[in-house]
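Asker: could you work out the structure for the sequence below:
(chains A and B)
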Amino acid sequence: MATAFSAPKLAAQPFSTISPSSQDRPLKIPFLGSTRKLRCLGSSRLNLSRRPSGPVVAVSDVVKAKKPTQNPSLLITKDEGLELYEDMVLGRAFEDMCAQMYYRGKMFGFVHLYNGQEAVSTGFIKLLKQQDSVVSTYRDHVHALSKGVPSRAVMSELFGKSTGCCRGQGGSMHMFSSEHNLIGGFAFIGEGIPVATGAAFSSKYRREVLKEANCDHVTLAFFGDGTCNNGQFYECLNMAALWKLPIVFVVENNLWAIGMSHLRATSDPQIYKKGPAFGMPGVHVDGMDVLKVREVAKEAIGRARRGEGPTLVECETYRFRGHSLADPDELRDPAEKAHYAARDPITALKKYLIENNLAGEAELKAIDKKIDELLEDAVEFAEESPLPPRSQLLENVFADPKGFGIGPDGRYRCEDPKFTEGTAHV
Amino acid sequence: MLAISRQRILGQSFQKIRPAVPGLRSYSSAAKQITVREALNSALDEEMSADPKVFLMGEEVGEYQGAYKITKGLLEKYGPERVLDTPITEAGFTGIGVGAAYYGLKPVVEFMTFNFSMQAIDHIINSAAKSNYMSAGQISVPIVFRGPNGAAAGVGAQHSQCYAAWYASCPGLKVLSPYNSEDARGLLKAAIRDPDPVVFLENELLYGESYPVSDEVLDSSFCLPIGKAKIEREGKDVTITAFSKMVGYALKAAEILEKDGIYAEVINLRSIRPLDRSTINASVRKTNRLITVEEGFPQHGVGAEICASVVEESFAYLDAPVERIAGADVPMPYAANLERMAVPQVEDIVRAAKRACYRSVPLAATA
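Answerer: Okay, here's the model as predicted:
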């Protein structure tokens, strides 16, 4: 097992060595502390690592230590680097385009943007196969794009047109694609976690009960810091570890749940520590660095694929915009925002690629241009697509409205008079 | 009532002549009696053996043989990978069932009682019922949620609520409620084979009751259509609709009314969603009077929906106001005499039928 996972063993140490009071964190303010206080303390505390200063080792330290001694072996190849860069730029440009379209009235309702968190999505999802599944929350546009749903389909869905990935019936918060195994898109936080656990369960069931050999599909569940206080999260950590399901629980800890700071809402803000409590490794990683995320993701997904069970990965990340486009975003300290803006994952990857001679400025600019053109095409496509027809309103409520399926003669089985006599063959 | 129907069917079997044509499947109506519990158990057993994608999940379904022994023997037969004992995590395991159903497996999720389904109702409604619509048909959810529903005996307010009205108001769900063994077998098999989410509301007090079943019912490919009600007893003076345990009460009431010359038509709804409005309306057009019977709370209940449907479609045919018989508008009390008052009894149905037939003074006039 790689060194990245020595962290969980250390995280299981007795409480006294990792007690929160031993670290410099604004926990000394009264726990109902006002945000005003947080703001004042925030700027001076920001330079101190929010990562634990105790014996628990975050992956980022490990990876940092590796690099100088192992030069020139780099973490990625040129092709991989360009793929990661393109995916993150697509995510960022798409979300910016969404904001523009929203303010022009083309998009409506609730739109939650992912700016700043692209490293998590790209770092994890680019390691998956088509049959692996991704379960997300309402902040799901970029997860859909990384998983392979075409940007035209996502943009049309946001515009509410019939060419969208869900024919306009889902919207921003309910992206589904059975072809790409993106199963949502759930508006209730915590709702996707049991569903993801069920998807992982079905993969294990197929392998062991239905005897589909080589069914090693992995499921990734993405959710935020606020969800980690929800009961369903703990129920699923328990069952996933109990039944050793092939799932990775990815926490996108961006410190804020709308306007509720993670520190104000959680008794122990270190989420990765909750993994070992249920018998699975808990790993903390710098979510603003796509390469670090990718290293951890490789381990976690590999573990799941080999049948060794679930992993809890906490990614420290940040959203540059508000919770949604309707959020005025007044509670967050501008200094905090500036701190994370300086750690923009796209700029960091660009710097890495150029410094290590994996790509030149011109190549990266060409990618930027390509994405811009792609998005313009997507917006045009969405604009020109038709609205759903009236007949679509009542469609798809049931897979089989009359119950029991269609018989070989093409008629509904329940209309067959022999249906209840036991002679009808089903 | 049971004794009477048993005699009737036995009487018929002695008169039936078996056709001598070879190759024709002939069913003698010799009555075999099975309990509702046996009916459900055999239905689960047969569906699990027919399709390896069907699996059971719930609290105590495995080693305990089922909290009400419905899943008895299934763990030994199919193993712990297909009969899963879960921890006490309704929200969690219901969501896991839904996630598995997204990927083509066919879970049968048991709630120890449907009261506990309230902890998982987010998954039943939001992840299961709405998914086919939200994904525009890409993701269907072939899941069954089953368990006892409604009042039992002396279990108090938090274990006695009827959820038929709650689940039946949600588009995307099919809601079934069997009465006798034939219903239990046929509807559960249909529910498991159905590609949509089905809420299957059983009744704890009916588990131990035996009902006669014909050979067709015992055949392993038997199942009943979803969305069709059954006319349990034909009549011409007043229509009584009921589901689950209340069907038995309605049949008893019909016996009593017959002595007074009132011939009641009893409809066993079987399917609360989709509601078989055409059967109900056809019956009301025949009898011109309607009584709806249910165990649940009266406001926004199943009876309210049936009344609205009949008023919309068959108003001109009604000769009397529609009477709703429902549970009392209070949380279920514990004391035995109060509990009896909180649930409809046969006398209530008889009185309502008489009011509808103008044989006694209407309630409003006594106020």
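
Asker: where do the strands sit along chain A?
Answerer: A:133-135, A:176-177, A:182-183, A:219-224, A:247-253, A:256-257, A:260-261, A:282-286, A:311-316 (DSSP state E).

Asker: now the chain, which segments are flagged as low pLDDT?
Answerer: No chain in the question, so chain A it is. Low-confidence segments of chain A (pLDDT under 70): A:1-73, A:403-408, A:413-426.

Asker: other chain: chain B
Answerer: In chain B (pLDDT under 70), the answer is B:1-30, B:361-367.

Asker: can you list the domains in it?
Answerer: B:33-218, B:230-357 (the TED database).

Asker: tell me which of the strands of chain A sits nearest to chain B.
Answerer: Checking those against chain B by CB to the nearest CB gives strand A:176-177 as the closest, at 3.5 Å. C-beta: built from backbone N, CA, C; applies to glycine.

Asker: can you give the contact residues for the closest one?
Answerer: A:144, A:147, A:149, A:153, A:165-166, A:170, A:182-185, B:131, B:134-136, B:138-139 (CB atoms under 8 Å, 6 or more residues apart in numbering or on different chains).

Asker: again with stretch A:349-359
Answerer: A:74, A:76-78, A:81-82, A:84-85, A:88, A:119, A:290-291, A:360-361, A:364.

Asker: of the residues you listed, which belong to helices?
Answerer: Cross-referencing the contacts of stretch A:349-359 against helices under DSSP state H gives A:Lys78, A:Gly81, A:Leu82, A:Leu84, A:Tyr85, A:Met88, A:Ala119, A:Val290, A:Leu291, A:Glu361, A:Leu364.

Asker: my read: the fifth one touches A:Pro345, true?
Answerer: No. Using CB atoms under 8 Å, A:Tyr85 and A:Pro345 do not qualify as a contacting pair, with a distance of 10.0 Å.

Asker: who has more neighbours, those two?
Answerer: A:Pro345 (28 against 24; other CB atoms under 10 Å in any protein chain shown).

Asker: pull the contacting residues for the residue in the stretch 251-367 of chain B that chain A sits nearest to.
Answerer: Going by CB to the nearest CB, chain A is nearest to B:Pro274 of the stretch 251-367 of chain B, at 8.0 Å. Counting by CB under 8 Å, 6+ apart, B:Pro274 touches B:Lys174, B:Ile226, B:Gly227.

Asker: SS state for the closest residue to B:Ala253 other than its chain neighbours?
Answerer: Leaving aside its sequence neighbours, B:Ala253 sits nearest to B:Ile349 (CB to CB, 6 or more residues apart in numbering or on different chains; 3.8 Å). Secondary structure for B:Ile349, judged by DSSP: H, G, I helix; E, B strand; the rest coil, is helix.

Asker: kindly state the beta-bridge partners for A:Val248.
Answerer: On the basis of DSSP bridges, A:Val248 takes part in beta bridges with A:Leu220, A:Thr311.

Asker: doesn't A:Thr311 make contact with it?
Answerer: Yes. Judged on CB under 8 Å, A:Val248 makes contact with A:Thr311 at a distance of 5.2 Å.

Asker: now the common contact residues for those two.
Answerer: Common neighbours of A:Val248 and A:Thr311 (CB under 8 Å, 6+ apart) are A:Ala300, A:Ala304.

Asker: got the CA coordinates for stretch A:377-388 in CSV?
Answerer: Once non-C-alpha atoms are left out, stretch A:377-388 reads as follows in CSV (Å, rounded to 0.1, in the frame of the first residue of the first chain):
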residue,chain,number,x,y,z
ASP,A,377,-21.3,26.3,-30.3
ALA,A,378,-23.0,24.8,-27.3
VAL,A,379,-24.8,28.0,-26.5
GLU,A,380,-25.9,28.5,-30.1
PHE,A,381,-27.1,24.9,-30.2
ALA,A,382,-29.1,25.3,-27.0
GLU,A,383,-30.6,28.6,-28.2
GLU,A,384,-31.8,27.1,-31.4
SER,A,385,-33.1,23.9,-29.9
PRO,A,386,-36.9,23.6,-29.6
LEU,A,387,-38.7,23.8,-26.3
PRO,A,388,-40.3,20.5,-25.2
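
Asker: quick one: what helix or strand has B:Val175 in it?
Answerer: strand B:174-176 (DSSP states H and E).

Asker: which is the next helix or strand following that strand?
Answerer: Next along from strand B:174-176, by DSSP H and E: helix B:181-193.

Asker: can you show me the CA trace of that next one as CSV?
Answerer: Output of helix B:181-193 as CSV, limited to C-alpha atoms (Å, rounded to 0.1, in the frame of the first residue of the first chain):
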residue,chain,number,x,y,z
SER,B,181,-54.3,-14.4,0.0
GLU,B,182,-55.1,-14.2,-3.7
ASP,B,183,-54.5,-10.5,-3.7
ALA,B,184,-51.4,-10.8,-1.7
ARG,B,185,-49.8,-13.4,-4.1
GLY,B,186,-50.9,-11.8,-7.3
LEU,B,187,-50.2,-8.2,-6.5
LEU,B,188,-46.8,-8.9,-4.9
LYS,B,189,-45.7,-10.9,-7.9
ALA,B,190,-46.9,-8.1,-10.2
ALA,B,191,-45.1,-5.5,-8.1
ILE,B,192,-41.8,-7.4,-8.2
ARG,B,193,-42.0,-7.8,-11.9
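
Asker: elements contacting it?
Answerer: helix B:36-50, strand B:144-148, strand B:174-176, strand B:198-202, strand B:210-213, helix B:215-218 (3 or more CB pairs under 8 Å, 6 or more residues apart in numbering or on different chains; DSSP states H and E).

Asker: lovely, talk soon.
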